[in-house]
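Peer 1: need a structure here:
(chains A and B)
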Protein chains: 2
Amino acid sequence: MKALEEKIIKEGSVLPGNILKVGSFLNHRLDVDFIMQMGEEIARLFSDAKVNKILTIETSGIPIAVAAAAAMHVPVVFAKKNKSGNISGDVYKTVVHSYTHGRDYDVVVSREYLSEKDNVLIIDDFLANGKALEGLIDIIGQAGATLAGCSCAIEKGFQKGGDNLRAKGIKVESLAIVESMSDDSLIFRQM
Amino acid sequence: MKALEEKIIKEGSVLPGNILKVGSFLNHRLDVDFIMQMGEEIARLFSDAKVNKILTIETSGIPIAVAAAAAMHVPVVFAKKNKSGNISGDVYKTVVHSYTHGRDYDVVVSREYLSEKDNVLIIDDFLANGKALEGLIDIIGQAGATLAGCSCAIEKGFQKGGDNLRAKGIKVESLAIVESMSDDSLIFRQM
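Peer 2: Sure, this is the predicted structure:
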């Protein structure tokens, strides 16, 4: 998505530790008009996939998942990182390692909201090592649901999460793939 | 919003501790088509307010804030409950007490994304004691921004957060106000 690449170049910045900061439109401040366009693009990419549910993970995946869901007219379920008092005990559960925060955390989805009838599109803001997506795929497997594919706003192509999933035959559509990045350059994969 | 009252009656359930569970459409599973309608209703209620930014708080406030922002064509900033590595040190900060989780937590907003030029609508999913909204109002004050008002999906009218804010002259528009609730009855305030 050319407009996203241009926005990353204009507004993004590279921080130590391979962090691409896009807080001005995707992670902290949300450029909602633009995020709704990204949602429409995801809907286009999966228009033939008969998706009936979107699965994402709190927090930053939620805006783009909502945008895609608004375009596809399907519900979103967001996995929770910490079990809260409002979720009953009957959950699918997996463990995800966060490189950003340097720790493992539990991820849960209530069994009420995901079942073998669902054909699920996973959406997240970033795809790097793919650990979050692997956790969500594990939850889809526990539910006996079908995985329609994965879509992320920004993939770090130099980390291998996205390509590893593609090698397994999973449809992974990222709206922009950063092939390399440094303080003064950002190179995108040609798509 | 009559459709919301009907949805709460149909899908909600009352849990011990005055918890109104609406996880099937607002908090865990998101009925996005319906949430987009709620966003349009909020846009209508604040159509004359010249809002140029929406402020919410992670996590559950984000979907409805995005829906309202899509209708109003303004950006969202969401306050973060824990300072993450991706937020630089220069933040507005306040402390909010959560009755649901029984603890205080820091809430931060990067100074980059809120300033004295902003006329801000605060949006959240629930309004009960109003502690989260008071924290966000404090942050708006720190930024020198203007408060246009507050809008929540569901207000617990029997707790006094919403009415206390109204008594201060703040415009507070909740889409449904639960006046009383128990295992077998839900009564809404007439609006």
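Peer 1: quick one: the helices in chain A?
Peer 2: A:2-11, A:32-45, A:61-72, A:131-143, A:161-167 (DSSP state H).
Peer 1: what's the most buried one of those helices?
Peer 2: Of all the helices of chain A, helix A:61-72 carries the top mean neighbour count, a mean of 26, counting by mean count of other C-beta atoms under 10 Å in any protein chain shown. Backbone N, C-alpha and C define where each C-beta goes, glycine included.
Peer 1: quick one: closest of the helices of chain A to residue A:100.
Peer 2: In terms of C-beta to C-beta, the element of the helices of chain A nearest to residue A:100 is helix A:131-143, at 10.2 Å.
Peer 1: ok, that closest one near chain B or not?
Peer 2: No: taking C-beta under 8 Å from any C-beta of the partner chain as the criterion, helix A:131-143 and chain B are apart, separated by no less than 12.9 Å.
Peer 1: what does that helix contact?
Peer 2: A:55-57, A:79, A:92-99, A:107, A:109, A:111, A:114-116, A:118, A:120, A:122, A:124, A:127, A:146-147, A:150, A:152, A:161, A:165, A:170 (C-beta atoms under 8 Å, 6 or more residues apart in numbering or on different chains).
Peer 1: buried ones among these?
Peer 2: For those, a burial check counting by 16 or more other C-beta atoms under 10 Å in any protein chain shown picks out A:55-57, A:79, A:92, A:94, A:96, A:107, A:109, A:114, A:118, A:120, A:122, A:124, A:127, A:146-147, A:150, A:152, A:161, A:165, A:170.
Peer 1: follow-up on the earlier one: any chance of the helices of chain A in CSV, with mean pLDDT too?
Peer 2: CSV is the format used below for the helices of chain A (pLDDT from 0 to 100):
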stretch, mean pLDDT
helix A:2-11, 96
helix A:32-45, 98
helix A:61-72, 98
helix A:131-143, 97
helix A:161-167, 98
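Peer 1: got CSV for those, with distance to residue B:23 too?
Peer 2: Shown next, in CSV, are the helices of chain A (distance: least, C-beta to C-beta, whole Å):
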stretch, distance to residue B:23
helix A:2-11, 32
helix A:32-45, 23
helix A:61-72, 14
helix A:131-143, 16
helix A:161-167, 29
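Peer 1: burial check on residue A:74, number of neighbours?
Peer 2: Residue A:74: 20 surrounding residues under other C-beta atoms under 10 Å in any protein chain shown.
Peer 1: and it, how far from chain B?
Peer 2: Distance, residue A:74 to chain B, by C-beta to the nearest C-beta, to the nearest Å: 7 Å.
Peer 1: how about the residue nearest the centre of chain A, what does it touch?
Peer 2: By C-alpha atoms, centre = their mean, the mean C-alpha position of chain A lies nearest to residue A:124, the distance being 1.3 Å. Residue A:124 is in contact with A:56, A:57, A:60, A:61, A:64, A:132, A:133, A:136, A:150, A:152, A:153, counting by C-beta under 8 Å, 6+ apart.
Peer 1: and the first one, what is it in contact with?
Peer 2: Shown in contact with residue A:56 (C-beta under 8 Å, 6+ apart): A:62, A:64, A:65, A:76, A:77, A:78, A:79, A:122, A:123, A:124, A:136.
Peer 1: how about the strands in chain A?
Peer 2: Counting by DSSP state E, chain A has strands at residues A:13-15, A:19-21, A:29-30, A:53-57, A:76-79, A:91-98, A:103-110, A:119-127, A:146-156, A:172-182, A:185-188.
Peer 1: can you lay out these as JSON lines showing mean pLDDT?
Peer 2: Shown next, in JSON lines, are those (pLDDT from 0 to 100):
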{"stretch": "strand A:13-15", "mean pLDDT": "92"}
{"stretch": "strand A:19-21", "mean pLDDT": "92"}
{"stretch": "strand A:29-30", "mean pLDDT": "98"}
{"stretch": "strand A:53-57", "mean pLDDT": "98"}
{"stretch": "strand A:76-79", "mean pLDDT": "98"}
{"stretch": "strand A:91-98", "mean pLDDT": "91"}
{"stretch": "strand A:103-110", "mean pLDDT": "92"}
{"stretch": "strand A:119-127", "mean pLDDT": "98"}
{"stretch": "strand A:146-156", "mean pLDDT": "98"}
{"stretch": "strand A:172-182", "mean pLDDT": "96"}
{"stretch": "strand A:185-188", "mean pLDDT": "94"}
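Peer 1: would you turn those into CSV with distance to residue A:3?
Peer 2: Output for the strands of chain A, formatted as CSV (distance: least, C-beta to C-beta, whole Å):
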stretch, distance to residue A:3
strand A:13-15, 19
strand A:19-21, 17
strand A:29-30, 16
strand A:53-57, 22
strand A:76-79, 23
strand A:91-98, 29
strand A:103-110, 31
strand A:119-127, 16
strand A:146-156, 12
strand A:172-182, 9
strand A:185-188, 12
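Peer 1: how close does residue A:154 sit to residue A:41?
Peer 2: Plainly put, residue A:154 is 13 Å away from residue A:41 if you go by C-beta to C-beta, to the nearest Å.
Peer 1: then residue A:32?
Peer 2: Going from residue A:32 to residue A:41 by C-beta to C-beta gives 15 Å.
Peer 1: quick one: closest of the helices of chain A to residue B:176.
Peer 2: Comparison of the helices of chain A against residue B:176 by C-beta to C-beta identifies helix A:61-72 as nearest, at 20.2 Å.
Peer 1: from the chain's centroid, how far away is the closest one?
Peer 2: With C-alpha atoms, centre = their mean, to the nearest Å as the basis, helix A:61-72 stands 10 Å off its chain's centre.
Peer 1: need the residues that contact it.
Peer 2: Counting by C-beta under 8 Å, 6+ apart, A:26, A:30, A:32, A:35-36, A:38-40, A:42-43, A:46, A:51, A:54-56, A:75-76, A:78, A:121, A:123-125, A:151, A:153, B:30, B:32-33, B:35-36, B:59, B:62-63, B:66-67, B:70, B:76 sit against helix A:61-72.
Peer 1: mind doing that once more with 7 Å?
Peer 2: Outside helix A:61-72, the residues within contact range by C-beta atoms under 7 Å, 6 or more residues apart in numbering or on different chains are A:30, A:35-36, A:38-40, A:42-43, A:51, A:54, A:56, A:75-76, A:78, A:123-125, A:153, B:30, B:32, B:36, B:59, B:62-63, B:66.
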